[in-house]
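Chemist: Fold the following and give me the result.
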Amino acid sequence: MTRLAKLLGITLALSALAATLAAAASLALTSDPLVAGRASVASCGFSSLSATRSVDNSGSVTQVSVSGIPQSCSGQTLSVTLKGQSGGSLGSASTTIGSCSGGCSVSFTSFGATVSGPDLYGYAFAVTGS
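Modeler: Residues are numbered from 1 along each chain as shown. Model (predicted):
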């Protein structure tokens, strides 16, 4: 009986191997060329932004206003990340910078989480766009 079990096991293993090879043979092997390139990235020209925060009576941050945004950044997206003492993110928000004359400013009121004013140690900004 054990010889029959071994023979059956070998037969099943060979059948599984044949099915695997048949499935692999039906796959199309093609590749796309790898292309390197260069793209210029234009800055809208801000060197420093300033931010102020507003807190409510419970000490939670309700608004962050960012000013000092150059007019050339209009139409691009400004993101702000609220940073804690260790540098980790407490919350973030983003918005499109509207058209303005002179220095632009934007305000954020939702950060994806409740942020306590005393826990806020700094801001990180990013401007992205076309």
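Chemist: which residues of the chain fall in strands?
Modeler: Using DSSP state E, the strands found in the chain span residues 50-55, 61-69, 77-83, 89-96, 104-108, 122-128.
Chemist: if I pick the residue lying closest to G117 once chain neighbours are set aside, what's in contact with it?
Modeler: In this structure, G117 finds its nearest non-sequential neighbour in V55, 4.0 Å apart by Cβ to Cβ, 6 or more residues apart in numbering. Every C-beta, even on glycine, is put in place using the N, C-alpha and C of the backbone. By Cβ atoms under 8 Å, 6 or more residues apart in numbering, the contact set of V55 is V61, T62, G117.
Chemist: If you tally nearby residues, what's the number for F108?
Modeler: Residues near F108, counting by other Cβ atoms under 10 Å, number 22.
Chemist: And it, how close does it get to K6?
Modeler: 71 Å (Cβ to Cβ, to the nearest Å).
Chemist: Contacts only, for L14.
Modeler: No contacts exist for L14 under Cβ under 8 Å, 6+ apart.
Chemist: measure it to L7 for me?
Modeler: L14 is 11 Å from L7, by Cβ to Cβ.
Chemist: where does this structure have low pLDDT?
Modeler: 1, 8, 16-43, 45-46, 130 (pLDDT under 70).
Chemist: what about 80?
Modeler: Low-confidence segments of the chain (pLDDT under 80): 1, 3-48, 102-103, 130.
Chemist: The residue nearest to G117 pairs with what?
Modeler: Beta bridges link V55 to V61, judged by DSSP bridges.
Chemist: now do I69
Modeler: With DSSP bridges as the rule, I69 is bridged to C104.
Chemist: Could you pull up the contacting residues of it?
Modeler: By Cβ under 8 Å, 6+ apart, the neighbours of I69 are F46, L49, L78, I97, C100, G103, C104, S105, V106.
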